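K.L.:
Provided below are the primary sequence and the corresponding predicted coordinates.
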Amino acid sequence: MNNKLAMIAATTLAIGLTSAAQAQDMGGNEQPFSGVYVGAAGGYDIQGNDLGSRLQFDRNGDGSFNDPVTTAAGADAFSPGFCNGRAFNGNASRGCENDRNKASYYARVGFDKQMGNLVVGAVGEFGKSEIKDFVAGFSTTPASYTFERSLNWEASARLRAGYAIGSGMFYATGGAGYADIKHRFETTNAANTFTPNNDGKKKFGFIVGGGVEKFITRNITIGAEYTYHDYKDNNYNVLVTQGSAPATNPFVLAPNTAGTNIRRSDPDFRWHSLRGTVGFHF
């Protein structure tokens, strides 16, 4: 995954260097980047390595997810372990499917002001990524418990500042993001009852990055862009109650018989986005 990210980043840089080397004035316009534009962006999103992610438990209902879940004999009920992916089934030896890195696609509108070689402006963007982020745990039952989060949509408002050379420009960008994050829980445990809580899925975050852009006609630009997206997402949890399980079930073992809350340990939903861009400048 890291090799793929490095390869795409190197390609982005190469496009930028080529654009600068081939820079030329477009029909005598000395400030081609000044004005309003609309455009689109699409590419591939890659999640960072969340190795070490696991499930956390609140057995006594105090809001702190630092409690062990033990059997009636005092053994660790989750001794088979955890994985930073989606469990194939309840058997820990089968392992997990990796996080899904997938395509993204966005629409954008912006405004830039060019002053000599300096370009400053703002851009608004709305779109979607198909990525999915998993973490799973395995109990001695045996059973698996998988948390999934994905992105329904994302909006952002960012500033950007660039350095133009003729019809090409290198730029940096950064600003606020607002995302609708979807959660899903699945388990092979058919005995206990599971109730999701605190799905508050709309989150504020931030986006930073940079890219290159070049006019290929008087009004049309193409480019390549890298952005990093980061959202704090640590409210979602699942309450496990007795259901049809016996009273000796680890999730409801006395003296804390009201049940156990489970959540994922990694509080951030974050990813890298490598995209091509196209814009129409008025």
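P.N.:
Noted; the coordinates are in hand.
K.L.:
isn't residue 230 up against residue 267?
P.N.:
No. Applying C-beta atoms under 8 Å as the test, residue 230 and residue 267 come out as separate, 10.7 Å apart. Every residue, glycine included, has its C-beta placed from N, CA and C.
K.L.:
residue ranges for the helices of this structure, please.
P.N.:
2-21 (DSSP state H).
K.L.:
shaky segments in it?
P.N.:
Across the chain, the ranges flagged by pLDDT under 70 are 1-28, 200.
K.L.:
top strand in it by residue count?
P.N.:
Using DSSP state E, we find that the single longest strand of the chain is strand 143-165.
K.L.:
pull the CA atoms of it into PDB?
P.N.:
Provided in PDB are the C-alpha atoms of strand 143-165 (Å, rounded to 0.1, in the frame of the first residue of the first chain):
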ATOM      1  CA  ALA A 143     -17.400 -15.700  17.600                       C
ATOM      2  CA  SER A 144     -16.300 -12.500  15.700                       C
ATOM      3  CA  TYR A 145     -17.200  -8.900  16.200                       C
ATOM      4  CA  THR A 146     -16.500  -6.400  13.400                       C
ATOM      5  CA  PHE A 147     -16.900  -2.600  13.300                       C
ATOM      6  CA  GLU A 148     -17.000  -0.900   9.900                       C
ATOM      7  CA  ARG A 149     -17.100   2.800   9.000                       C
ATOM      8  CA  SER A 150     -17.500   4.300   5.500                       C
ATOM      9  CA  LEU A 151     -18.200   7.700   3.900                       C
ATOM     10  CA  ASN A 152     -21.600   8.600   2.700                       C
ATOM     11  CA  TRP A 153     -20.400  12.000   1.500                       C
ATOM     12  CA  GLU A 154     -17.800  14.700   2.300                       C
ATOM     13  CA  ALA A 155     -17.900  18.500   1.900                       C
ATOM     14  CA  SER A 156     -15.000  20.900   2.300                       C
ATOM     15  CA  ALA A 157     -14.100  24.600   2.200                       C
ATOM     16  CA  ARG A 158     -10.400  25.200   1.700                       C
ATOM     17  CA  LEU A 159      -8.000  28.000   0.900                       C
ATOM     18  CA  ARG A 160      -5.200  27.500  -1.600                       C
ATOM     19  CA  ALA A 161      -2.100  29.300  -2.500                       C
ATOM     20  CA  GLY A 162       0.100  28.700  -5.500                       C
ATOM     21  CA  TYR A 163       3.000  29.800  -7.600                       C
ATOM     22  CA  ALA A 164       2.300  30.100 -11.300                       C
ATOM     23  CA  ILE A 165       4.700  29.700 -14.100                       C
END
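K.L.:
what's the spacing between that strand and its chain's center?
P.N.:
From the chain centre to the centre of strand 143-165 is a distance of 5 Å (C-alpha atoms, centre = their mean, to the nearest Å).
K.L.:
buried residues, it. List them.
P.N.:
For strand 143-165, burial by neighbour count (16 or more other C-beta atoms under 10 Å) applies to 143-151, 154, 156, 158, 160, 162, 164-165.
K.L.:
quick one: which of residue 230 and residue 267 has more around it?
P.N.:
Legend: neighbour count by other C-beta atoms under 10 Å for residue 230 and residue 267, higher for residue 230 (15 against 11).
K.L.:
show the contacting residues for the more buried one.
P.N.:
Under the criterion of C-beta atoms under 8 Å, 6 or more residues apart in numbering, the neighbours of residue 230 are 205-207, 268-270.
K.L.:
now the two most distant members of those residues.
P.N.:
Greatest spatial distance in those: 207 and 268, 13.5 Å, computed using C-beta to C-beta.
K.L.:
these two - which one has more neighbours?
P.N.:
residue 207 (21 against 13).
K.L.:
excluding sequence neighbours, find me the nearest residue to residue 196.
P.N.:
Distances taken as C-beta to C-beta, 6 or more residues apart in numbering put residue 238 closest to residue 196, at 5.4 Å, once the chain neighbours are dropped.
K.L.:
how close does that neighbour sit to residue 173?
P.N.:
As judged by C-beta to C-beta, to the nearest Å, residue 238 and residue 173 stand 37 Å apart.
K.L.:
thank you, goodbye.
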